[in-house]
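1. Take this sequence and fold it.
(one chain, ligands or ions: 1)
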Amino acid sequence: MPASSLETIVSLCKRRGFVFPSSSVYGGLGSTWDYGPLGVELKNNVKRAWWRSVVHERDDMEGLDAAILMNRLVWKYSGHEATFSDPMTDCRACKARPRADHVFVAQKGRDPKGLVEINAAIAAKELTCPKCGSKDLTEARPFNLMFRTSVGPVDTGDESGLVYLRPETAQGMFVNFGNVLDTMRRKLPFGIAQVGKAFRNEITPGNFTFRTREFEQMEIEYFVRPGEDEAAHEMWIAERKKWYLDLGMRADRLRVREQEKHELAHYAKRCVDLEYLFPMGWSELEGIANRTDFDLKAHSRSPENPDAVGELRYFDQEQKKHYVPYVIEPSAGADRGTLAFLCDAYEDSLVKEPPAEDTAKLRELVESFARSVARREGMDADVKQRLQAAAESIAAGLPGTLPTLIGLMDDAEASKIEVMKKVRGVGEKIAEEHTRTVLHLHPRLAPLTVAVFPLKRNEPRLVELARGIKRDLQRAGLRAVYDDTGAIGKLYRRQDEIGTPWCITVDFQSLEDKTVTLRDRDSMQQERAPLDEIGPTLQARLR
Ligand code: GAP
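-> Numbering: from 1, shown residues only. Sure thing, here's the model as predicted:
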């Protein structure tokens, strides 16, 4: 059963060291997250797999690592100072702050012709607050999403030291176009790839790591001859979709969506989104845009840009002329990708039927929870209906619905109901013994590749051999760990839950014939394998 709610993933991430709320010792900082020991491995593997695919395995790409702080003029001429903003309106009745352009499109069924038309509609009371229905909305104002800071030891009070935390990594690649072209002696088509942090003062961050104010992008700027841009765009749409599928993402949860005209960024001629079916619905994973020659022209010296020192253009030897290349930009989020791989890999199932009396007791408690929800006053009607429906269907389907109950036990809203404590007290114990949670992560993405256990931890010869195997696998470049803190069944379950594809158990036979048990996470099959073949076998499977 896949993750039914994001809460299930959030809970697993906290419990098993993937992602923690940031600054938690001071009560946290809304919508900011820290990647823990397993999360950093997973996210690094996602970034490594991307780099390998778009830089190392291609002949037409170069890498770059540009500074986060850039000359402010970059953001002036890229158009971000003027246009990287959302028009916001405040509802005087309920204090909601919706995006005014979204309200206009939803209620008028067409794009507004700029802020002036939005404000005319607000003044004429033609738009209503999407939350409470009031027509008492303030004039819409642009809210720039770039974080500002200043360079230098003295705050001069004016804007002379003003710099921005970059809102996209892309501009670092545009302003380095000439440097890469010259130093690497490239001919079109070629691209630049970059992974790095980006910052946006998002008005509505949320859905765990899906939308945050600090995040990481994996971006490509692919430069082509004008006229060859549309074919290159199609090529990158296919390539990028294939990358997710090759790393095991389910095809029925990945789709390609053409952006509508009103959604296009100020620089884009066309943009296609790759969307993933997250527990909260279809949402953007990556945008693949045709940015035309907008950015290179914008940063070239011209009457519109007297500040640039030169022109970002290309001399075509075949055509014997200069021109400004067009750009195709596949822009992916490392955090969103990581979250999508986590959601996609998650599975829980019932492996053993619990005793009938335990099931009956649990059913009674879940029914009592459903009744408490029904009686609860002041709860949001949607939440109430969702929790009640979930509890009633779980109670009717137990013990088969035990994995779904895990999701409900992790639900933040459900936790506000007193009886949930009792449900958890009984449910967690039964779930621990009778369900199995597995992350079916692609072996190249899994935080750990292999875990090594001795059959008995108080048997020094087994411990010594198991520790030695782990060291050898580490030296062979595999991410290996040793564990002896529980019975073998429990150790397997722990590794399944964090997505470790293989486990090795060292037993008494190992001492005699130098073979071990190799257990596969997905099939749970165990095979006897000669010790000296394990390293090369696992390395081959990772390729
Ligand atoms: N250079 C183009 C660009 O930045 P974008 O669609 O704004 O385009 C590209 O961002 C990708 O960056 C998104 O598809 C998403 O994966 C990621 N991203 C954007 N904003 C984000 C946020 N607030 N939190 C997490 N990821 C974000």
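2. Going by C-alpha atoms from here, please, whenever you check contacts or count neighbours.
-> Fine.
3. so which strand or helix has the residue most central in space within the chain?
-> Note on the chain: the residue nearest the mean C-alpha position is residue 336, at 1.6 Å, using C-alpha atoms, centre = their mean. In this assignment (DSSP states H and E), residue 336 forms part of helix 334-345.
4. Can you give the strand pairings for whatever helix or strand comes next after that helix, parallel or anti for each?
-> Moving toward the C-terminus from helix 334-345, the next helix or strand (DSSP H and E) is strand 346-350. The pairing partners recorded for strand 346-350 under DSSP bridges are strand 435-439 (antiparallel).
5. how big is the angle separating the strand it pairs with from helix 334-345?
-> Orientation of strand 435-439 against helix 334-345 (axes from the mean of the first three to the mean of the last three C-alpha atoms, to 10 degrees) gives an angle of 140 degrees.
6. quick one: average pLDDT of strand 435-439?
-> For strand 435-439, mean pLDDT rounds to 93.
7. Distance across stretch 82-95, terminal residue to terminal residue?
-> Distance between the boundary residues of stretch 82-95 (C-alpha to C-alpha, to the nearest Å) amounts to 27 Å.
8. What residues of it count as buried?
-> By neighbour count on 16 or more other C-alpha atoms under 10 Å, the buried set for stretch 82-95 is 84, 85, 86, 87, 88, 89, 90, 91.
9. chain center to it, what's the gap?
-> Distance, stretch centre to chain centre, for stretch 82-95: 27 Å (C-alpha atoms, centre = their mean, to the nearest Å).
10. Mind picking out the helix or strand in the protein with the poorest mean pLDDT?
-> None of the helices or strands of the chain scores lower by mean pLDDT, DSSP states H and E than helix 402-410, at a mean of 82.
11. and the helix or strand following that one, how far out from the chain's middle?
-> As assigned by DSSP H and E, the chain's next helix or strand after helix 402-410 is helix 420-434. Centre-to-centre, helix 420-434 and its host chain are 30 Å apart (C-alpha atoms, centre = their mean).
12. Packing partners of helix 420-434?
-> Judged by 3 or more C-alpha pairs under 8 Å, 6 or more residues apart in numbering; DSSP states H and E, the packing partners of helix 420-434 are helix 356-375, helix 402-410.
13. show me what contacts the residue in the stretch 301-450 of the chain that the ligand sits nearest to?
-> Across the stretch 301-450 of the chain, the shortest distance to the ligand (C-alpha to the nearest ligand atom) belongs to residue 333, at 3.2 Å. Shown in contact with residue 333 (C-alpha atoms under 8 Å, 6 or more residues apart in numbering): 215, 216, 217, 218, 285, 286.
14. How about the contacts made by the nearest residue to residue 431 once chain neighbours are set aside?
-> In this structure, residue 431 finds its nearest non-sequential neighbour in residue 402, 6.6 Å apart by C-alpha to C-alpha, 6 or more residues apart in numbering. Neighbour list for residue 402: 349, 350, 394, 431, 435 [criterion: C-alpha under 8 Å, 6+ apart].
15. separation between the residue nearest to the centre of the chain and residue 217?
-> From residue 336 to residue 217 the distance is 9 Å (C-alpha to C-alpha).
16. ok so, going back, which of the helices and strands packed on helix 420-434 has the highest mean neighbour count?
-> Sort these by mean neighbour count, taking mean count of other C-alpha atoms under 10 Å, and helix 402-410 sits at the top with a mean of 22.
17. if we can go back for a sec, okay if I get the contacts of residue 402 as JSON lines plus distance to residue 102 and neighbour count?
-> Shown next, in JSON lines, are the contacts of residue 402 (distance: C-alpha to C-alpha, whole Å; neighbours: other C-alpha atoms under 10 Å):
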{"residue": "349", "distance to residue 102": "40", "neighbour count": "18"}
{"residue": "350", "distance to residue 102": "43", "neighbour count": "19"}
{"residue": "394", "distance to residue 102": "37", "neighbour count": "22"}
{"residue": "431", "distance to residue 102": "43", "neighbour count": "22"}
{"residue": "435", "distance to residue 102": "43", "neighbour count": "21"}
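18. Show the contacting residues for the residue nearest to residue 55 when sequence neighbours are not counted.
-> Sequence neighbours aside, residue 61 is the residue nearest to residue 55 in space, at 5.3 Å (criterion: C-alpha to C-alpha, 6+ apart). If you count contacts by C-alpha under 8 Å, 6+ apart, residue 61 has them with 54, 55, 190, 191, 192, 193.
19. still on that earlier bit, can you name the residues in contact with the helix holding residue 336?
-> Against helix 334-345 from outside (C-alpha under 8 Å, 6+ apart): 2-3, 9, 42-43, 46-47, 209-210, 215-218, 249-250, 276, 278-279, 285, 438-441.
20. ok, and of those, which contact the ligand?
-> Restricting the contacts of helix 334-345 to those adjacent to the ligand (criterion: C-alpha under 6 Å from any ligand atom) gives 210, 215, 217, 285.
21. separation between the first one and residue 63?
-> In this structure, residue 210 lies at 26 Å from residue 63, with C-alpha to C-alpha as the measure.
22. Looking at those two, which is more packed in?
-> residue 210 (21 against 17; other C-alpha atoms under 10 Å).
23. Excluding chain neighbours, give the residue nearest to that one in space.
-> In this structure, residue 210 finds its nearest non-sequential neighbour in residue 336, 5.3 Å apart by C-alpha to C-alpha, 6+ apart.
24. how many neighbours does the residue in the stretch 101-250 of the chain positioned nearest to the ligand have?
-> Proximity of the stretch 101-250 of the chain to the ligand (C-alpha to the nearest ligand atom) peaks at residue 211, 3.4 Å away. If you count neighbours by other C-alpha under 10 Å, residue 211 ends up with 18.
25. Spit out the contact partners of it.
-> 202, 204, 205 are the contacts of residue 211 under C-alpha under 8 Å, 6+ apart.
26. again with residue 398
-> 359, 363.
27. That one and residue 365: what is the separation?
-> 12 Å.
28. Residue 296 now?
-> For residue 296 relative to residue 365 (C-alpha to C-alpha), the value is 64 Å.
29. just checking, which of the buried residues of stretch 82-95 belong to strands?
-> Among these, the ones falling in strands (DSSP state E) are 85, 86, 87, 88.
30. helix or strand for residue 274, which one?
-> In the assignment (DSSP H and E), residue 274 maps to strand 270-278.
31. average pLDDT across that strand?
-> Strand 270-278 comes out at a mean pLDDT of 98.
32. What are the contacting residues of stretch 497-509?
-> 16, 38, 436-441, 443, 446-456, 462, 465-466, 492, 495, 515-522.
33. Swap in 6 Å and give it another go.
-> 437-441, 443, 446, 448-455, 516-521 (C-alpha atoms under 6 Å, 6 or more residues apart in numbering).
34. now stretch 129-145
-> Contacts of stretch 129-145 (C-alpha under 6 Å, 6+ apart): 84-92, 119, 125, 128, 200-201.
35. Tell me which two of those sit farthest apart.
-> Maximum pairwise distance among these (C-alpha to C-alpha): 31.3 Å, between 125 and 200.
36. When the two are compared, which one has more neighbours?
-> residue 200 (20 against 13).
37. between the least confident helix or strand of the chain and helix 356-375, how big is the angle?
-> Interaxial angle, helix 402-410 versus helix 356-375 (the same axes, to 10 degrees): 40 degrees.
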